[in-house]
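Got a predicted model here, sequence first, then my questions.
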Amino acid sequence: AQSVAQPEDQVNVAEGNPLTVKCTYSVSGNPYLFWYVQYPNRGLQFLLKYITGDNLVKGSYGFEAEFNKSQTSFHLKKPSALVSDSALYFCAVRDYNAGNMLTFGGGTRLMVKP
Amino acid sequence: DTAVSQTPKYLVTQMGNDKSIKCEQNLGHDTMYWYKQDSKKFLKIMFSYNNKELIINETVPNRFSPKSPDKAHLNLHINSLELGDSAVYFCASSQEGQPNTEAFFGQGTRLTVV
């Protein structure tokens, strides 16, 4: 069975500082990894994905994520946080052997303070 | 154009009632999903459906049933609503056989059972 863990319920960072939101995963086959963002009272918006190739993936709004196979991690990063980045972030994994369903982590609330 | 749309956005109803939430996607995808987001923001897959197969999360009560009149629609019917059904329900879609593609989500339906 596939699973995703986001060890931090909340991450606090000052505006302009780099941010990292952590994610680890477990799958039986090759992982397809995704990050989504949810703003208050909104649906999930796709940020970026890792399929294959370069371990550093770039996505929307200046976000990037680093795939580390040995550590089974896919941490989300941004060099300089904005107050408008404050939202709920979800990491997700899809194992093709388990069908097309996305399995989500528990979410991490990112708070960026001015 | 809205890719995945759900109606209604808000639904308040009494215990014991039967209700439906509608979902439509205009992306040409052949697989649709329903997710439940509870009060702690945890996202759990309820159903995955394409024209070949319905995959049901075994933890979903049989009071919940998906109905798909065509490939672009997957409605969620809930019978005998209970207080614990209060949550935000998200519809999503993706293309079967392409696990490297992201799923697209609707804006969510906030269901409140009183």
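Sure thing, it's come through. Since this is a predicted model, take the numbers as computed values, not measurements.

Now residue 114: closest residue in space that isn't a chain neighbour?
Unless you meant another one, I'm taking chain A. Sequence neighbours aside, A:E15 is the residue nearest to A:P114 in space, at 5.2 Å (criterion: CB to CB, 6 or more residues apart in numbering or on different chains). From N, CA and C alone the C-beta is placed, and that goes for glycine too.

wrong one, chain B
B:Q14 (5.9 Å).

Got phi/psi on A:V13?
phi -150, psi 150 (degrees, to the nearest 10).

Give me the neighbour count for it.
Neighbour count of A:V13, defined by other CB atoms under 10 Å in any protein chain shown: 19.

So it versus chain B, what's the distance?
19 Å (CB to the nearest CB, to the nearest Å).

For that residue, name its beta-bridge partners.
A:V112 (DSSP bridges).

Now do the contacts for the residue nearest to B:V114.
Residues in contact with B:Q14 (CB atoms under 8 Å, 6 or more residues apart in numbering or on different chains) are B:L81, B:V113, B:V114.

Helices - which of those residues land there?
With DSSP state H as the criterion, helices contain none of these.

need the residues of chain A near chain B, please.
A:32, A:34, A:36, A:38, A:41-46, A:49, A:51-52, A:88, A:90, A:94-96, A:99-104, A:106-107 (CB under 8 Å from any CB of the partner chain).

Buried members of the residues you listed into PyMOL, please.
Of the residues of chain A next to chain B, the buried ones go into a single PyMOL selection, burial set by 16 or more other CB atoms under 10 Å in any protein chain shown:
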select buried, chain A and resi 32+34+36+38+43+44+45+46+49+88+90+94+95+99+100+101+102+103+104+106+107
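
mind listing which of the residues of chain A next to chain B are in helices?
Mapping the residues of chain A next to chain B onto helices (DSSP H) picks out no residues; all lie outside.

hmm, back to that, buried ones among the contacts of B:Q14?
Counted by 16+ other CB under 10 Å, those give B:L81, B:V113 as buried.

How many residues are close by the closest residue to B:C23 other than its chain neighbours?
Closest residue to B:C23 apart from its sequence neighbours, by CB to CB, 6+ apart: B:C91 at 3.4 Å. The number of residues packed near B:C91 is 29, by other CB under 10 Å.
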